[in-house]
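> A structural model of the following input is requested.
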Amino acid sequence: MVRQSAWVAWVNFAGVMLIMLGTLHGIQGLVALFRDEVYVVGKSGLVVNVDYTTWGWVHIIWGLFGILVGVCLLAGQMWARVVGVILAFASAIINVGFLPSYPVWSGIMIALDVVVIWAITVHGGELKEFKQ
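Numbering: from 1, shown residues only. Prediction:
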């Protein structure tokens, strides 16, 4: 029986966080689609000049992709480690663009993205050793 390293828990945490971040992106996208008056600034207040419908669809698609990558990371897929870091980095960039509209939510998601990147890059190799 192979004993799980304590660091493998960080990679499992990153997988669960990617699933949760994907879900939060989906919720954020649905709110942008159906209740854009929830956001702080008007339609022209985004960093990128698009309307909330476009941002909503970007968040929904990104969220579904994040959930898929998180599940594959938990399954120990090597490609999911690489894509997970890229996804979390892009998620942080997307939330920087969304920052003027909902600063607290975007700030929390950026912080979670940084933790996911750290967990995958620093301790991702231990998950590979454990799964073999």
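> And the most centrally placed residue in the chain, how close does it get to Phe89?
Among the residues of the chain, the one closest to the centroid is Leu21, at 4.0 Å (CA atoms, centre = their mean). Leu21 sits 12 Å away from Phe89, taking CB to CB, to the nearest Å as the criterion. In short, each C-beta sits where N, CA and C put it, glycine included.
> what sits in contact with each of those two?
Asp113 (CB atoms under 8 Å, 6 or more residues apart in numbering).
> And the next helix or strand past the helix or strand harbouring Leu30?
Taking DSSP states H and E as the criterion, Leu30 maps to helix 8-34. Per DSSP H and E, the first helix or strand lying C-terminal to helix 8-34 is helix 52-74.
> to the chain's geometric centre, what's the distance from that next one?
When distances are taken as CA atoms, centre = their mean, to the nearest Å, helix 52-74 is centred 8 Å away from the chain's centroid.
> who's in contact with that helix?
When contacts are defined by CB under 8 Å, 6+ apart, helix 52-74 is touched by residues 11-12, 14-34, 36, 39, 43, 46, 79-81, 83-84, 87, 90-91, 94, 98, 101, 120, 127.
> Show me which residues of that helix are buried.
Counting neighbours by 16 or more other CB atoms under 10 Å, one finds that the buried residues in helix 52-74 are 52, 55-56, 58-60, 62-63, 65-74.
> taking the mean pLDDT, what do you get for that helix?
When pLDDT is averaged along helix 52-74, the result is 88.
> tell me the angle it makes with helix 8-34.
If you take axes from the mean of the first three to the mean of the last three CA atoms, to 10 degrees, helix 52-74 sits at 160 degrees to helix 8-34.
> before we move on, the earlier item: which among the contacts of helix 52-74 end up buried?
Of all the contacts of helix 52-74 considered here, the ones buried according to neighbour count by 16+ other CB under 10 Å are 11-12, 14-15, 17-22, 24-26, 28-29, 31-33, 36, 39, 46, 80-81, 83-84, 87, 91, 94, 98, 101, 120, 127.
> Fine by me, we can end here.
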